[in-house]
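> below is the sequence, then the predicted model.
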Amino acid sequence: MRRRARALAFLTAAVLCAILAAAVAGSYRSRVEGRYGPLRPVVVASAKLRAGEPIGVDGAGASLVIRRVPARFVPPGALSRVDDALGRAPGATIPAGSYVLGAQLELPRPERPDAPDVGQGRRPVEVAVAGAEALTVAGEPPEGSRVDVVVARQAGLGSSARAYIAATNLKLLALRSPAGPGEGWSATLAVTEQQALSLIGAQSAGREIRLLPRP
């Protein structure tokens, strides 16, 4: 009986302590809200967030927490949900314990593929080309591939049509599709000085320049 009575007394004391703690917490919260305004959820960095590192689902649980802070102390733009930070990366390092602001986060920039190397003794030259759609049929970016350059002359007064290979095995550095109606394709090639002069001259004379992909 004594053990049962003692256990009952301990249980009653624990319940009273819990009720008292809840009452104290509620009273404190009411005083805080009355003095500083209602409490708002705000995202806080529980660990340092490094610049440029996207915040993933797994990392968010270890580096972001929700705190309830008086509205008066919440800075403008502070996030109120962890989900709002997912997939975004800090533009600068955010120290642990700091509020996380929307303005501090940005979408990661996709990495640009490295531009093909021009090559020793060569220089880039851009020329207008015809029939460049053939270079994209394979579905892969043609940049970096090797092409032959064919120059064609239309038949006219006193002259017959003619086509000839102006250069072979050139590296295609870039291929740009038409930017608007009435515009054509253009290609940037890695060429020698003599090849550059030949292609620029052909373009100035109104010759049609085509690129043939090498097998």
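Yep, it's here. Numbering: from 1, shown residues only.

> spit out the contact partners of the closest residue in space to I94 that isn't next to it in sequence.
The spatial neighbour of I94 that comes closest, neighbours along the chain excluded (CB to CB, 6 or more residues apart in numbering), is L49 at 4.1 Å. All C-beta atoms are positioned from the backbone trio N, CA, C, and that covers glycine. For L49, the contacting residues are I55, S63, P90, T93, I94, V100, by CB atoms under 8 Å, 6 or more residues apart in numbering.

> the third one contacts P54, doesn't it?
No: in this structure, P90 is not within contact of P54 by CB atoms under 8 Å, at 9.3 Å.

> between those two, point out the one with more neighbours.
Using other CB atoms under 10 Å, the more surrounded residue of P90 and P54 is P90, with 21 against 15.

> and that one, how far from R67?
18 Å (CB to CB, to the nearest Å).

> same question, V74
10 Å.

> overlap of the contact sets of those two?
Joint contacts of V74 and R67 (CB under 8 Å, 6+ apart) are V42.

> which one of the two is surrounded by more residues?
V74 (17 against 13).

> quick one: pLDDT of that one?
According to the prediction, V74 has pLDDT 86.

> go on, M1?
For M1, the model assigns a pLDDT of 51.

> what does E106 give?
Reading off the model, E106 has pLDDT 87.

> please verify my assumption that it contacts A89.
Yes: assessed by CB under 8 Å, E106 is found in contact with A89 at 6.3 Å.

> more crowded one of these two?
A89 (18 against 13).

> so the more buried one sits against P108, correct?
Yes: counting by CB under 8 Å, P108 is a contact partner of A89 at 5.0 Å.

> need the overlap of contacts for these two.
G52, P54.

> take the contacts of L49 and keep only those in strands.
P90 (DSSP state E).

> count of neighbours near S160?
Around S160 there are 8 residues (other CB under 10 Å).

> for A92, that is, sorry about that
A92 has 9 nearby residues by other CB under 10 Å.

> ditto for V100
24.

> need phi/psi at it.
phi -100, psi 120 (degrees, to the nearest 10).

> for A89, see how far away the closest residue to G87 other than its chain neighbours is.
Computed as CB to CB, 6+ apart, the closest residue to G87 that is not its neighbour in sequence is P54, at 6.1 Å. P54 sits 5 Å away from A89 when distances are taken as CB to CB.
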